[in-house]
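Asker: Here is the input, now give the coordinates:
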Amino acid sequence: MNLEKISRCPWCGTDPLYVSYHDKEWGKPVHDDTKHFECLTLESAQAGLSWITILRKRENYRLAYANFEIQRVASFTDEDVERLLSDNGIVRNRRKIEASINNAKQFIKIQEEFGSFDSYIWSFVDHEPIINAWDRLEDVPAMTELSEQLSKDLKRRGFKFLGPTTVYAHLQATGLVNDHLTFCTFR
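Answerer: All right, here's what the predicted structure looks like:
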């Protein structure tokens, strides 16, 4: 890749952590349940905050949440909630923490029903990424009919803190939707 001709989506700015996330992760198809769970947990924690704030805390989240091992998080107790509430390396919001533990339990139910969370979520896009062709950042929607449909289904299944905007962020982050702008080298 010619470094002089790299163009990026402007949302990542110049922060090395953000640039690395944009270049190596965002929009790349994910087919690993642990990675899906990590992304869902981080995206629900991000609600009301900037994504760079969460990226800077991601390693702390991995430590606090047992590397996002779904079974372990699903078995977190009230003592774990208190431990997480005192961990200044993560977002210390009781409702978000409790939602993340609840979501691990619901995630397991989806795995049992569909064989994997990956099979479940990719079925919403017929197992093929949606590749959009946005020219400007302001053209990219915050939510879509797809994210509203998926959010509604997740809520019906007992998930919390996963509204349509958060779900759309998940679809983008895990490559179910590719929203890299048309001029972006990493499209």
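Asker: what about the nearest residue to K5 once chain neighbours are set aside, how many neighbours?
Answerer: Distances taken as CB to CB, 6 or more residues apart in numbering place T185 nearest to K5, at 7.3 Å, with adjacent residues excluded. C-beta coordinates here come from the backbone N, C-alpha and C atoms, glycine included. A total of 14 residues lie near T185 under the criterion other CB atoms under 10 Å.
Asker: cool, R58 as well?
Answerer: With neighbours defined by other CB under 10 Å, the count for R58 comes to 16.
Asker: Tell me the gap between whichever strand or helix holds it and the middle of its chain.
Answerer: Here R58, judged by DSSP states H and E, is contained in helix 51-64. Between the centre of helix 51-64 and the centre of its chain there are 12 Å (CA atoms, centre = their mean, to the nearest Å).
Asker: what does stretch 128-142 give?
Answerer: Taking CA atoms, centre = their mean, the mean C-alpha location of stretch 128-142 is offset from the chain mean by 17 Å.
Asker: what does stretch 46-55 give?
Answerer: 11 Å.
Asker: That one spans what distance, first to last residue?
Answerer: 9 Å (CA to CA, to the nearest Å).
Asker: who's in contact with the residue nearest in space to the middle of the chain?
Answerer: The residue lying closest to the centre of the chain (CA atoms, centre = their mean) is C39, at 3.0 Å. Each residue near C39 by CB atoms under 8 Å, 6 or more residues apart in numbering is listed here: V30, H170, A173, T174.
Asker: Double-check that it belongs to a helix.
Answerer: Yes - residue state for C39 (DSSP: H, G, I helix; E, B strand; the rest coil) corresponds to a helix.
Asker: separation between it and S123?
Answerer: With distances taken as CB to CB, to the nearest Å, C39 is found 17 Å from S123.
Asker: Equivalent analysis for A74, please.
Answerer: 23 Å.
Asker: C-alpha coordinates for stretch 78-94, PDB please?
Answerer: Extracted in PDB, the C-alpha atoms of stretch 78-94 (Å, rounded to 0.1, in the frame of the first residue of the first chain):
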ATOM      1  CA  ASP A  78     -23.600  -9.100  42.400                       C
ATOM      2  CA  GLU A  79     -20.100  -9.100  43.800                       C
ATOM      3  CA  ASP A  80     -18.800  -8.900  40.200                       C
ATOM      4  CA  VAL A  81     -21.100  -5.900  39.600                       C
ATOM      5  CA  GLU A  82     -19.600  -4.200  42.600                       C
ATOM      6  CA  ARG A  83     -16.100  -5.000  41.400                       C
ATOM      7  CA  LEU A  84     -16.900  -3.500  38.000                       C
ATOM      8  CA  LEU A  85     -18.500  -0.400  39.600                       C
ATOM      9  CA  SER A  86     -15.200   0.300  41.400                       C
ATOM     10  CA  ASP A  87     -13.000  -0.300  38.300                       C
ATOM     11  CA  ASN A  88     -12.100   3.100  37.000                       C
ATOM     12  CA  GLY A  89     -10.700   1.600  33.800                       C
ATOM     13  CA  ILE A  90     -14.200   1.000  32.500                       C
ATOM     14  CA  VAL A  91     -17.400   3.000  32.300                       C
ATOM     15  CA  ARG A  92     -18.900   2.700  35.800                       C
ATOM     16  CA  ASN A  93     -22.600   2.800  35.000                       C
ATOM     17  CA  ARG A  94     -24.600   0.200  37.000                       C
END
